[in-house]
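# Sequence and computational prediction follow.
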Amino acid sequence: MTEEALVSYAPATGEELWRGPVSSVEDAVARARRAWPDWAAKSLTTRIEIVRRFANEVRTDADRLAELIARETGKPHWEARTEVDAVIAKIEISVQAYAERTGRKKLDSAMQGIAAVRHKPHGVMAVLGPYNFPAHLPNGHMIPALIAGNVIVFKPSEKTPAVAAALLDCWHRSGIEKDAVQLVIGGPEAGKALVAAGGVDGVLFTGSAQVGLAINRSLANNPGKIVALEMGGNNPVVVVDTPKLTDAATLIIQSAFTTSGQRCTAARRLIVLDSVHDALMEQLIPMAKRLVIDEPFADPPPFMGPVIDNATADGLSQSFVELLKRGGRALLPMKRPDEERPFLTPGIIDTTELAERPDIELFGPCLQVIRVSDLNVAITEANDTRFGLSASLIGGTPEDYGRFWANVRAGIINWNRPTNGASSAAPFGGIGLSGNHRPAAYYAADYCAYPVASNEMEQPRATISVGLSE
């Protein structure tokens, strides 16, 4: 990458996938501001029709998009296909959510006229997307924002610009005015410039807590710019007594190692009761060893591909070693099969005896095991984090789950289900370092438009009954 161009590489092979010029943030925002009045003035029906056309374009390009996602992220091809499906499904879910969350309301007050509530778009929305779901996650901001009447300046991760460019092509083929949905290509400096741009009315971010906190700090003195932060998690999965240990192990594998652990909802900590620990490990460790790790289009299909790049693989390997130095005990060592490419095998490490466990998001296939005596201690341990995105309880009774649900601090709380795989028909977000109380998915409509209260009469009518001189 130079100042003039940005280059994307396939993590599984190292081949160059895409190359494009770095964008002018100032020009993109200026064009978006000019485009906004026309887009906002269109009827809701017209805006919905155009986003549905976008869905049709994605359907037409589904195979090509899935292949591109797999190549640029390294995730298995089967998983990339599910991401394309999620992009398409987001349209109808967002249409329904907009009607439910921001519908018009009127209350006839007879002589006092009508009290009305309607919603207005904010204007120009900056969308900053991540590399792990380069189509689905930014799309989850863009669709509800466009339905509400906003225009979009989309800055993708510098690691996945090719997928973003393919999505932009689908948007422009749908018939939307080109300046209403734009792409800004560049690295971190472009992202900072977009967040700070005076012509931007809102920032919709998905990514790491470190970057999210920097955005929050940079806009602390600008309350007029709405900010929605979807950040990471140090997510716990808690296992109590259950007769279904194979199922429990499967749920843990799905939670910790799907997408090579590169999900904000991935389980980072396995908190397990002493009474079930040994029997659970007898199921979990052999299952993790059997996971196929390979390039996206391999046959048989892999469960995991590489992490996003060599620097990330190096950092995760070093973190695993550091946990060992602090007193962790490797139950399944994390390995690097090919030093030239960022493939990692699942790592499972017992950190029960660590005097202090780092409260960080290890964004990859690394699972820490913590043994506890009972559910109350497990809940305390689960809450021992500044994050608060996702948590799951495996096993136990309805009463156990009721106690878990009531006391665990997280925006997504599951029972006998993985920590990841949240439904777009529900709110998605967390607290603490995981978000700023603006959940996305079904609740994205809430931050894409603001409510306007009105008192209305067709003719002026008013009297002053007291306080006037004769």
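Done, it's in.
# Okay, buried residues for stretch 215-229 please.
Ile215, Asn216, Leu219, Lys225, Ile226, Val227, Ala228, Leu229 (16 or more other C-beta atoms under 10 Å). In short, each C-beta sits where N, CA and C put it, glycine included.
# Averaged pLDDT, that stretch. What do you get?
The average pLDDT within stretch 215-229 is 96.
# So what touches it?
122, 128, 141, 192, 195-196, 200-205, 212, 435-436, 438, 440, 444, 447, 450 (C-beta atoms under 8 Å, 6 or more residues apart in numbering).
# Just the buried ones from those residues?
Burial by neighbour count, judged by 16+ other C-beta under 10 Å, picks out 122, 128, 141, 192, 195-196, 200-205, 212, 435-436, 438, 440, 444, 447 from those.
# Show only the entries of the contacts of stretch 215-229 found in strands.
Judged by DSSP state E, the contacts of stretch 215-229 include Leu128, Gly202, Val203, Leu204, Phe205, Ala440, Tyr450 as members of strands.
# Specify the beta-bridge partners of the second one.
For Gly202, the beta-bridge partners are Met125, Ile226 (DSSP bridges).
# contacting residues for it?
Counting by C-beta under 8 Å, 6+ apart, the residues that Gly202 touches are 122-126, 145, 150, 225-228, 447-448.
# and stretch 126-136, how far out from the chain's middle?
With C-alpha atoms, centre = their mean, to the nearest Å as the basis, stretch 126-136 stands 8 Å off its chain's centre.
# Using CSV, list the CA coordinates for that stretch.
C-alpha atoms of stretch 126-136 as CSV (Å, rounded to 0.1, in the frame of the first residue of the first chain):
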residue,chain,number,x,y,z
ALA,A,126,-20.2,7.5,7.4
VAL,A,127,-20.1,3.7,7.6
LEU,A,128,-16.8,2.2,8.7
GLY,A,129,-16.8,-1.6,8.1
PRO,A,130,-14.6,-4.5,9.4
TYR,A,131,-12.7,-7.2,7.5
ASN,A,132,-14.3,-10.3,9.1
PHE,A,133,-17.8,-9.7,7.5
PRO,A,134,-16.9,-7.2,4.8
ALA,A,135,-20.3,-7.3,3.2
HIS,A,136,-22.9,-8.3,5.9
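# Let me see the mean pLDDT of it.
pLDDT averaged over stretch 126-136 gives 98.
# any weak-confidence spans in the stretch 251-400 of the chain?
Along the stretch 251-400 of the chain, no part satisfies pLDDT under 70.
# That one: helices as residue ranges?
Along the stretch 251-400 of the chain, the stretches classed as helices by DSSP state H, counting those that start in this stretch are 274-290, 310-325, 375-382, 398-407.
# in the shortest one, what counts as buried?
Buried residues in helix 375-382, defined by neighbour count with 16+ other C-beta under 10 Å: Leu375, Ala378, Ile379, Glu381, Ala382.
# do the same with the first one
Of the residues in helix 274-290, those buried by neighbour count under the rule 16+ other C-beta under 10 Å are Val276, His277, Leu280, Met281, Gln283, Leu284, Met287, Ala288.
# Could you check the angle that helix makes with helix 375-382?
Inter-element angle recorded for helix 274-290 and helix 375-382: 50 degrees (by axes from the mean of the first three to the mean of the last three C-alpha atoms, to 10 degrees).
# remind me, longest helix of the chain?
For the chain, the longest helix by residue count, based on DSSP state H, is helix 77-101.
# quick one: average pLDDT of that helix?
On average, helix 77-101 scores 97.
# can you check stretch 423-434 too?
Here the average pLDDT along stretch 423-434 is 94.
# Pull the CA coordinates from that stretch and hand them back as PDB.
In PDB, the C-alpha atoms belonging to stretch 423-434 read as follows (Å, rounded to 0.1, in the frame of the first residue of the first chain):
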ATOM      1  CA  SER A 423     -30.500 -13.100  14.500                       C
ATOM      2  CA  SER A 424     -30.900 -10.000  12.400                       C
ATOM      3  CA  ALA A 425     -34.600 -10.000  13.500                       C
ATOM      4  CA  ALA A 426     -33.400  -9.000  17.000                       C
ATOM      5  CA  PRO A 427     -31.200  -6.200  18.300                       C
ATOM      6  CA  PHE A 428     -27.500  -6.700  18.200                       C
ATOM      7  CA  GLY A 429     -25.100  -4.800  20.400                       C
ATOM      8  CA  GLY A 430     -23.400  -4.700  23.800                       C
ATOM      9  CA  ILE A 431     -22.400  -2.600  26.700                       C
ATOM     10  CA  GLY A 432     -19.100  -1.500  28.200                       C
ATOM     11  CA  LEU A 433     -16.300  -1.700  25.700                       C
ATOM     12  CA  SER A 434     -18.600  -3.600  23.300                       C
END
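# Would you mark the buried spots in that stretch?
Ser424, Pro427, Phe428, Gly429, Gly430, Ile431, Gly432, Leu433, Ser434.
# Dump the buried residues of helix 274-290 to TSV, plus distance to Met334.
Shown next, in TSV, are these (distance: C-beta to C-beta, whole Å):
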residue	distance to Met334
Val276	24
His277	20
Leu280	20
Met281	17
Gln283	20
Leu284	15
Met287	16
Ala288	11
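# ok, back up a step: turn the helices of the stretch 251-400 of the chain into a markdown table, columns for distance to Glu100.
Shown next, in a markdown table, are these (distance: least, C-beta to C-beta, whole Å):
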| stretch | distance to Glu100 |
| --- | --- |
| helix 274-290 | 41 |
| helix 310-325 | 39 |
| helix 375-382 | 32 |
| helix 398-407 | 24 |
